[in-house]
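[1] Structure for the following, please:
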Amino acid sequence: MTLLPYLLAAWLFLVGLYGVVTSRHLVHLVICLSVMQSATYVLLLAIGYRSGKKAPIFTAGVPVKVGAVDPVVQALTLTDVVVSVTGVALLLALVVEIWKRAGTVDPDRLRRKEL
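    Have a look, this model is predicted:
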C-alpha cells in the first residue's frame with residue numbers, strides 16, 4: 001500500500017481550498033470547487049484499488065482465486081463525476097445570472113439589493 005494517492009487527494013483538496021479562500025472571481029471560485037471535488041475521485045479510486053487484482057469484468061461468475069477490484073467504488077466514482085458536472089453547470093448558470101443582474105462577478109463588489 002502506498003500513500004501517494006492519499007497525499008495527492010489531500011494536496012488537490014488543499015489547493016482547491018486555497019483557491020476558494022483567495023478567489024476574487026466567481027468563475028475562479030467554481031473552478032476551485034471543481035478541483036476540490038476531484039480530490040474525492042482520487043480518494044475513492046485509491047480506496048477501491050487492489051494490487052494484482054483484475055478489472056471486474058467476468059462472463060461466468062467471479063473466479064475465487066483471481067479476485068477483482070471492488071466495482072462499487074468505481075460506480076461511486078462515476079456517480080461523483082456526474083454529480084460534480086451537474087453542480088458545476090448549475091453554479092456557472094448562477095454566475096451568468098449574477099453577472100447579468102449585477103454587472104460584476106467579483107464577490108466583494110456584489111451587494112444586497114434593498115427591497
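
[2] residues contacting residue 39?
    Contact partners of residue 39, counting by Cβ atoms under 8 Å, 6 or more residues apart in numbering, are 9, 10, 12, 13, 16. Every residue, glycine included, has its C-beta placed from N, CA and C.

[3] Check what pLDDT the closest residue to residue 38 other than its chain neighbours gets.
    Closest residue to residue 38 apart from its sequence neighbours, by Cβ to Cβ, 6 or more residues apart in numbering: residue 12 at 5.6 Å. At residue 12, the model reports a pLDDT of 96.

[4] count of neighbours near residue 102?
    13 (other Cβ atoms under 10 Å).

[5] so what's it up against?
    Counting by Cβ under 8 Å, 6+ apart, residue 102 makes contact with 109, 110.

[6] same thing but at 7 Å, please
    Shown in contact with residue 102 (Cβ atoms under 7 Å, 6 or more residues apart in numbering): residue 110.

[7] Tell me the pLDDT of it.
    For residue 102, the predicted pLDDT is 87.

[8] Name the nearest residue to the spatially most central residue of the chain, ignoring sequence neighbours.
    In the chain, the C-alpha nearest the mean C-alpha coordinate belongs to residue 37, at 2.2 Å (Cα atoms, centre = their mean). Using Cβ to Cβ, 6+ apart and skipping the chain neighbours, the partner closest in space to residue 37 is residue 84 (4.5 Å).
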